[in-house]
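Chemist: here are the coordinates; sequence isn't available:
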């Protein structure tokens, strides 16, 4: 009996401690058996078993593992968990590096504008065909599925209509605000404007200046940005009438000035308009004329003798018709002013002068839909931005549905 107990004690004393036992990981999952209990391979201080040392990949830090993206969606598997390709610190797998296109910034994708309204789809989200910050003369390209003649063509080579705007401050959207979120103000991708940079650009009233003006004292100023310019409203409205139209607008204005500065070429104002148009047309291949002059002026000439002002308007039209880029068969459309009955009555005579190339467009429908003015002004001098949007549509209707169609 004593011998048996002594032999048992000697046997127990002959076992090694748990810390001395090897942790055997037979299936390579990072966990094994040390003869007494389960154990973790990486925690075994004396792991010398070959089968264990060859199966420790899943127990190592996952940041050193390659992230394999088999389907090219930007996410993959590193052997332990899902991972993002761009975040894998040691991504060397060829299949991953060739399949990261969808993980890149979508701004590099082509923005396809099928309906030509300036907004399209880049495969991920809606997009603007051209960012206002990247306007330049080398990027005026459109892809319009509704008009094959415009597919991937430089807009300068595809212009169908050139419109010159002139007049006083209403002709430049005086005191109004441009709203890029308004559907009427949003730039149509088939409209270009001649800017003070002496080049054609996609219109952006927030970052561009379209014209300067000179008063009768010879003082020249740049017209302020961010106004709801009627030239943009007219250009947008005309472009919307036909998906194949490309409209080029040339804006001029002399706020507060009487008609004599145009007729008498005060401070070379009329000559400056002539030079501006020539320079602009020189950079429009295949287009050498202005199709319409839109005139909104007269607040400084509210003459009770309506025929006297009407005669001055006819003199100005003759001066324009004598220029090679306009000619006698081009359209001259005068617009009603804000609150000057003598001027408006004089301009309205263009509707009944038996000349098919002249006309008058109302600026206020007093019977059904009065056009609003800027409420803070003591007199109704300036139309507000809402009125100018309506005016753009009315002018477009006169130009395309009456003049161009011969009605």
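Modeler: Nice, thanks for sending it over. What you see is a predicted model; the values in this text were computed from it and never measured.

Chemist: switch to C-alpha atoms for all contacts and neighbour counts from now on
Modeler: Noted.

Chemist: OK, contacts around the nearest residue to residue 169 once chain neighbours are set aside?
Modeler: Computed as Cα to Cα, 6 or more residues apart in numbering, the closest residue to residue 169 that is not its neighbour in sequence is residue 255, at 4.2 Å. Contacts for residue 255 (Cα atoms under 8 Å, 6 or more residues apart in numbering) come out as 167, 168, 169, 170, 213, 215.

Chemist: Of all the residues in the top helix by length along the chain, which ones are buried?
Modeler: When the chain is scanned for its longest helix (criterion: DSSP state H), the result is helix 306-321. Of all the residues in helix 306-321, those buried under the rule 16 or more other Cα atoms under 10 Å are 306, 307, 309, 310, 313, 316, 317, 320, 321.

Chemist: Which pLDDT does the model give the third one?
Modeler: Okay, so that is residue 309. Looking at residue 309, its pLDDT reads 97.

Chemist: hang on, it packs against residue 343?
Modeler: Yes: using Cα atoms under 8 Å, residue 309 is in contact with residue 343, at 7.2 Å.

Chemist: joint contacts of those two?
Modeler: Joint contacts of residue 309 and residue 343 (Cα under 8 Å, 6+ apart) are 301, 303.

Chemist: hmm, back to that, nearest to residue 235 among the buried residues of helix 306-321?
Modeler: Distance to residue 235 across the buried residues of helix 306-321 (Cα to Cα) is lowest for residue 320, with 20.8 Å.

Chemist: low-scoring stretches of this structure, by residue?
Modeler: Low-confidence regions of the chain, defined by pLDDT under 70, span residues 1-21, 24-65, 68-139, 145, 214-221, 223-224, 363-369, 407.

Chemist: still on that earlier bit, who wins for neighbours among the contacts of residue 255?
Modeler: Of these, residue 170 is surrounded by the most neighbours, 28 neighbours in total, counting by other Cα atoms under 10 Å.

Chemist: thinking again about what came up before, just put the buried residues of helix 306-321 in a markdown table and tack on distance to residue 280.
Modeler: As requested, the buried residues of helix 306-321 are arranged in a markdown table below (distance: Cα to Cα, whole Å):
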| residue | distance to residue 280 |
| --- | --- |
| 306 | 35 |
| 307 | 34 |
| 309 | 30 |
| 310 | 30 |
| 313 | 25 |
| 316 | 21 |
| 317 | 20 |
| 320 | 16 |
| 321 | 18 |
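
Chemist: now for the longest strand anywhere in the chain, which elements pack on it?
Modeler: For the chain, the strand with the greatest residue count under DSSP state E is strand 161-167. Strand 161-167 is packed against strand 247-251, strand 292-296, with contacts defined by 3 or more Cα pairs under 8 Å, 6 or more residues apart in numbering; DSSP states H and E.

Chemist: Identify the residues contacting the first one?
Modeler: What that stands for is strand 247-251. 159-166, 172, 190-194, 210-211, 231-232, 235, 238-239, 277, 280.

Chemist: List the buried residues for whichever helix or strand comes after it?
Modeler: For strand 247-251, the succeeding helix or strand toward the C-terminus, using DSSP states H and E, is helix 260-263. By 16+ other Cα under 10 Å, the buried positions in helix 260-263 come out as 261, 262, 263.

Chemist: What of stretch 149-158?
Modeler: So stretch 149-158, judged by 16+ other Cα under 10 Å, has buried residues 150, 154, 155, 156, 157, 158.

Chemist: Show me which pair in those residues is furthest apart.
Modeler: Within the buried residues of stretch 149-158, 150 and 156 form the most distant pair, 10.7 Å apart (Cα to Cα).

Chemist: Good, wrapping up.
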